[in-house]
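Q: coordinates for the following, if possible.
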Amino acid sequence: MMSEIKVHIMHTGEVRVDEALPFGGEVKSWNPLAYTGLGRSMKHQIWLPVSCYLIEHPKGKVLIDTGWHTNMRGNQRKHLGLLHYIINKGKLPSGQAIHEQLAAKGIQPEDLDYIVLSHLHSDHADGLKHVKNAKKILVSEEEWIGAKNDPKRYVKSMWDGVNVETFAFRNSNIGPKQRSFDLFGDGSVVFVHTPGHSVGLSATMIKNNNKFVLLASDVGYATKSWGKMIMPGVRVNKNDVIDSLKWVQVQAESPNCVAAIANHDADVTPHTITL
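A: From the prediction side, this is the model:
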């Protein structure tokens, strides 16, 4: 047991997508590219929050993901590139960019001990340059290599010129692949390999006093995703998606689980959890 850990859930704007992108497993369509919105009516477009998380831990401040860059307030097509602009549009009100929200809490980027990117998709890594002066910026080796080998799924300019380091998942008894990375070496902040949506996706387990919070990132896009086993439309491996959803479902049902949170769940509002 250690002194309290605070987990701040923040929304850095919203993303508009076709409903088949987050909930492809329950959307009935003849269109194999339904998740892109191509050939689909605007009635299928939905707005979802883009979340980031600040962990105030006795051993340091940890930011999970960075949300949208303020460039999204201008020419989004130019900023994202045509392919990514077709698939998702953004909305970033004044004051909601990650550096703006941190400043409102009296925190500057250089005060952050770690930034850990759950994965490198645009709505998670776009704001990285706003906080590039953090002491250390990390992403999993698998995700870093995956972004290099599959550039169509990523916008590399978002981390160009930023000192991003990689971490290695180690064999453990945690996660669908039994692989995880213990940030502080004490089990209090553990990044769990939960592939499927992307090759190096990591969920975050924050634990104290025998209770834990699970930040599921994009394993599923809402609580119903693991409750009903609804796969996202964007995925690199269907079997991995299923395994990761099942693992999150089991964790969410644990009596020690305070909350299991999906990054884009419209029912989750900004708040703080204290462990």
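
Q: CA only for contacts and neighbour counts going forward, please
A: Fine.

Q: dump the helix or strand bottoming out on mean pLDDT in the chain to CSV, restricted to CA.
A: One helix or strand of the chain scores below all others by mean pLDDT, DSSP states H and E: helix 82-87, with a mean of 93. In CSV, the C-alpha atoms belonging to helix 82-87 read as follows (Å, rounded to 0.1, in the frame of the first residue of the first chain):
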residue,chain,number,x,y,z
LEU,A,82,-6.6,12.9,-47.2
LEU,A,83,-7.0,9.2,-46.1
HIS,A,84,-7.2,10.0,-42.4
TYR,A,85,-9.4,13.0,-43.0
ILE,A,86,-11.9,10.8,-44.9
ILE,A,87,-12.1,8.4,-42.0
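
Q: can you name the element that comes right after that helix?
A: strand 89-91 (DSSP states H and E).

Q: next structured bit after that next one?
A: With secondary structure assigned by DSSP H and E, strand 89-91 is succeeded by helix 98-104.

Q: for that next one, name the packing helices and strands.
A: Using 3 or more Cα pairs under 8 Å, 6 or more residues apart in numbering; DSSP states H and E as the contact criterion, helix 98-104 has no neighbours among helices and strands.

Q: what about it, distance to the chain center?
A: A distance of 18 Å separates the centroid of the chain from that of helix 98-104, by Cα atoms, centre = their mean, to the nearest Å.

Q: mean confidence score for the next helix-or-strand element following it?
A: The helix or strand immediately downstream of helix 98-104 is strand 114-116, counting by DSSP H and E. For strand 114-116, mean pLDDT is 98.

Q: by contact count, what packs against strand 114-116?
A: Applying 3+ Cα pairs under 8 Å, 6+ apart, one finds that strand 114-116 contacts strand 60-64, strand 137-140.

Q: quick one: the strands in this protein, in order.
A: Counting by DSSP state E, the chain has these strands, from start to end: 6-18, 45-57, 60-64, 89-91, 114-116, 137-140, 164-167, 170-171, 179-182, 189-193, 202-208, 211-217, 257-262, 271-274.
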